[in-house]
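> What follows is a predicted structure for the sequence shown.
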Amino acid sequence: MTTRSLMERAGTFLGLVLVALIFGALVGPQFFSPGNLELMARQTAIVSIAAVGMTVVIVSGGIDLSVGSIIALSTVVIALLLRSGADPAVAALGAVGAAAVCGLVNGVLITRLRVVPFIVTLGTMLVIRGAAKGLADERRIEAPVTWLNDLLRVPRGSSLLPSGIWAVIALALIVAGVLRYTRFGRHVFAIGSNERMARLCGVAISRTKVLVYMLTAAFAGVAGLLQFSKLSVGDPTVAIGLELDVIAAVIIGGGSLLGGRGTVSGTLIGAAIMTVIQIGCSQKGLANWIQQIVTGGIIVAAVALDRVRSADLMRHH
Amino acid sequence: MTGPSTAPPRFEMRGIRKAFGATTALAGVDLSVASGEICGLIGQNGAGKSTLMSILAGALAPDSGSMFIDGAPYAPQNPLEARRAGIAMIYQALSLAPHLSVTENILMGAEPMRFGLLDRARMRDIATRALADLGHDDISPDAAVGSLSVAAQQLVEIARAIAVGCRVLVLDEPTSSLGRADVERLFDLLRRLKAQGHAIVYISHFIEEVKTVADRFTVLRDGRNAGGGATHEATHDDIVALMVGGDVGDLFPRSPRSRGEAILEVDGLQPGSASFTLHRGEVFGIAGVIGSGRTRLFRTLFGLAPVRSGRVRVATFSGRASPGARWRHGMGLLSEDRTDEGLALGLDIATNLTMTRLSSFGPAGLLSPSRQQSAASAWIERLQIKCAGPAQRAGELSGGNQQKIAIARLLHHDVDVLLLDEPTRGIDIGSKAQIYRLMDELVADRPGRTPKAVLLVSSYLPELLGLCDRIAVMRRGQLGEAEPVGAVTEHDLMLAATGGGSGA
């Protein structure tokens, strides 16, 4: 790792420390109590896991606006499967599988029709949302209570984190490893950094892109699993607009919408920054509108800082 | 050059110097054009034509030298000021808005207003008149520019320059995408503009065109005035002699080579009309001007552009090709466009260098970054690439060092056939010399090593003559017969590449 990339990561992390210290000072020492920290971890889990998937798509130079709808669809699929008597594990796998199919559709449309990802996923965002609503008959779907409802709960009498958070950590580590230690990961960076070079070097561009969108969608499916666990119903209207929080987490974490840049660790810190602001504002009793203004300001500031860093790079060159 | 005349020239450039870092692009160039005169500007690639015209157009500032328009000092700070002073550039890539109408394009940025709103009736009148002045009232002022032919679009761009009052017109390779009839019409138009008193600079690789349309010509070579005069007094050969000049330094090593097995066979390949055989142990050169189809030929061979007809065999492989398949067949391509295609400038050196052979760094899709970096380090050392280490971003290096990384990719893959497209363009002389040595080593007889085969495209003729064993010339999309290097001179190649005017 070069000094520069270390500094970049440190920059995002310092941002998190700064935001946390500010709210710590505003709210008081209880802001850093184990209970509060765990609350924040739980709150950030859904956006985090979707953002880990989104990191891959953004590194490849693409974008996926359909993740919010995919989350909603997964909650509906789980609820329907549970209601029809399926085993919870089967229901969970079914939801992630349905999500991956959505990603397959995104990837095939993008590579076959050669329409830009923004437009394709803007379309499938509506299509998948519609499908979720149709599947649920435009209602919330009640489901029998199983262990799936406990993913974000702390086991009784234990000081351990909820299993859902462990799952987020494990999956984040896996994706970080895939990006760095596999050929697929290096191909994703190559395509995002310079697709023409990737083609020249014989990278199977279409196949890689389809896999990228499937991976991102599958991670949205896992986010849907956590969402279901939180709500304990299948809700086709949940997570509307959540894709924007997910993208914001990646961008704050140093991902570039131009592709070729982004890290899982940065994304997780980006998601954490947004959660700290949300929880900090609500615990300080600040209105929701202030919270939105602060979050929006942070997004623009993070990208503006990034521009300054890139400009330094170009001057150096 | 600047012959004495009663009126001052329309524009004059005196002693223009410009350096980029350590490279001197212009070492004191003079150029002047009178009103009602067409001056051809000629020179090999890299002779300084573009730099000189960028200075005239205000896009670059000269290091020293002076410029005058109608005798008054002229020092544009930016292209807009040059435009206001009446200088118009017509580039090969036209700058028009394809979705807007001819009228809107002609009056872009100079729209007549009435009561704060566009005066559309007057706009249409001005555009109609401008087109009529050019003798082209056949173009409808209401047509969308994107729906017009390239020749008509070029006319719209010229009409725009005239309509906003430009008096000096610079045309850069204006015929490169025109057919024979359109070229004639363009020449008629230029003569008409000349009669109206405009000063015109005409840049072209095609000497016949310059002789046909220009009154005078100026030749640049290595950033200096190599000569010039009246076009009717100079022969094609005279002009070529000025372009190529004399001496070539001893940059080009030539170890003993022996022609081995045929490793690339091309038979009736279209596009390119190419038929040739490349053997191990030889460098095969392809000469020709930019836009003649050399790069297209390489892309077709490499599976980046479709084959229309004909056969290509690489070692024992024939049939359909993709870049991935070509790398497996033992063929590698060095792109002419280092920054847009050759490298991913945002990624590290090691990734760029090893991208085609990541499978060698671990089993089953896995990859060990440390092994990748040590492989890259070995090449960095061997090719003396100046960098902080294999993890540094490629974009932070100089052009010459970037090019060495792009070439090292082919070496690391250990390909047998190297397609090198302008390998030394825009890089420093030290890196150039090193790349020349490297190419010689690749094809030389060495005990215990099988020589490689190199197919080289270059616009720099001394390089082709110094490195190649055989050279073929590409002109207007057709590859000619290959000649042994001893049988051709720079002069012959330049004649073959630029001769015959615009017709095919």
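That came through, no problem.
> Over in the stretch 401-504 of chain B, which residue gets nearest chain A? Let me know.
The stretch 401-504 of chain B approaches chain A most closely through residue B:409 (7.5 Å), counting by CB to the nearest CB. To be clear about C-beta, it is placed using only N, CA and C from the backbone, and glycine gets the same treatment.
> where along the stretch 351-500 of chain B do the helices fall?
Secondary structure of the stretch 351-500 of chain B (DSSP state H, counting those that start in this stretch): helices located at B:369-382, B:399-413, B:429-443, B:461-467, B:490-498.
> average pLDDT for the shortest one?
Helix B:461-467 carries an average pLDDT of 89.
> which residues sit against it?
By CB atoms under 8 Å, 6 or more residues apart in numbering or on different chains, the residues outside helix B:461-467 that reach it are B:44, B:244, B:248, B:251-252, B:254, B:283, B:285, B:287, B:424, B:436, B:439-440, B:456, B:458, B:471, B:485, B:488-490, B:493-494.
> quick revisit: my guess is the residue of the stretch 401-504 of chain B closest to chain A contacts residue B:351, does it?
No. If you go by CB atoms under 8 Å, residue B:409 and residue B:351 don't touch, sitting 10.4 Å apart.
> Show the contacting residues for residue B:398.
B:386, B:427, B:428.
> how about these in CSV, adding distance to residue B:174?
Formatted as CSV, the contacts of residue B:398 follow (distance: CB to CB, whole Å):
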residue, distance to residue B:174
B:386, 41
B:427, 29
B:428, 32
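> Next up, the contacts around the residue lying closest to residue B:409 once chain neighbours are set aside.
Distances taken as CB to CB, 6 or more residues apart in numbering or on different chains place residue B:353 nearest to residue B:409, at 5.4 Å, with adjacent residues excluded. By CB under 8 Å, 6+ apart, the contact set of residue B:353 is B:375, B:376, B:379, B:390, B:405, B:408, B:409, B:412.
> circling back to that earlier point, of the helices of the stretch 351-500 of chain B, which approaches residue B:302 most closely?
In terms of CB to CB, the element of those nearest to residue B:302 is helix B:399-413, at 11.8 Å.
> Which elements pack onto the closest one?
If contacts are counted by 3 or more CB pairs under 8 Å, 6 or more residues apart in numbering or on different chains; DSSP states H and E, helix B:399-413 sits against strand B:331-334, helix B:349-354, helix B:369-382, helix B:429-443.
> can you tell which of these is closest to residue A:134?
Closest among those, using CB to CB: helix B:349-354, at 44.7 Å.
> Dump that closest one to CSV, restricted to CA.
Extracted in CSV, the C-alpha atoms of helix B:349-354 (Å, rounded to 0.1, in the frame of the first residue of the first chain):
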residue,chain,number,x,y,z
ILE,B,349,2.2,0.2,-12.1
ALA,B,350,2.1,-3.5,-11.1
THR,B,351,-1.6,-3.9,-12.1
ASN,B,352,-0.9,-2.1,-15.4
LEU,B,353,2.1,-4.2,-16.2
THR,B,354,0.7,-7.6,-15.4
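> where does the chain dip in pLDDT?
Picked chain A for this. Of all residues in chain A, those with pLDDT under 70 make up the ranges A:1-9, A:156-159, A:306, A:309-317.
> oops, I was thinking of chain B
B:1-7, B:22, B:45, B:246-250, B:500-504.
> Now with 50, please.
B:1-5, B:247-249, B:501-504 (pLDDT under 50).
> what's the domain layout of it?
As given by automatic domain parsing, the domain ranges for chain B are B:11-244, B:262-362+B:369-498.
> Nearest to residue A:279, out of these?
Comparing these by CB to CB, domain B:262-362+B:369-498 comes nearest, at 34.9 Å.
> related to what we said a few turns ago, among the contacts of residue B:353, which one lies nearest to residue B:66?
So of those, ranked by how close each gets to residue B:66 (CB to CB), first place is residue B:405, at 41.5 Å.
> Residue A:144 is in contact with residue A:82, isn't it?
Yes. Residue A:144 sits in contact with residue A:82 when judged by CB under 8 Å, with a separation of 5.7 Å.
> Looking at the two, which one has more neighbours?
residue A:82 (25 against 12; other CB atoms under 10 Å in any protein chain shown).
> What's the separation between that one and chain B?
In this view, residue A:82 and chain B are 35 Å apart by CB to the nearest CB, to the nearest Å.
> Show me the helices in chain A, by range?
Assigned by DSSP state H, the helices in chain A fall at A:3-27, A:34-59, A:67-83, A:88-113, A:117-135, A:163-181, A:183-193, A:195-200, A:205-231, A:242-252, A:264-284, A:288-316.
> out of the ones you listed, deepest packed?
helix A:67-83 (a mean of 28; mean count of other CB atoms under 10 Å in any protein chain shown).
> Next, the angle from it to helix A:88-113.
140 degrees (axes from the mean of the first three to the mean of the last three CA atoms, to 10 degrees).
> export helix A:67-83 as CSV, just CAs?
These are the backbone C-alpha positions of helix A:67-83, laid out as CSV (Å, rounded to 0.1, in the frame of the first residue of the first chain):
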residue,chain,number,x,y,z
VAL,A,67,-30.9,-1.6,-4.7
GLY,A,68,-33.7,0.1,-2.6
SER,A,69,-36.3,-1.8,-4.7
ILE,A,70,-34.3,-5.0,-4.4
ILE,A,71,-34.3,-4.7,-0.6
ALA,A,72,-38.1,-4.3,-0.7
LEU,A,73,-38.5,-7.3,-3.0
SER,A,74,-36.4,-9.5,-0.7
THR,A,75,-38.4,-8.7,2.3
VAL,A,76,-41.6,-9.7,0.4
VAL,A,77,-40.0,-12.9,-0.9
ILE,A,78,-38.9,-13.9,2.6
ALA,A,79,-42.3,-13.2,4.1
LEU,A,80,-44.1,-15.1,1.3
LEU,A,81,-41.8,-18.1,1.6
LEU,A,82,-42.1,-18.2,5.4
ARG,A,83,-45.8,-17.9,5.2
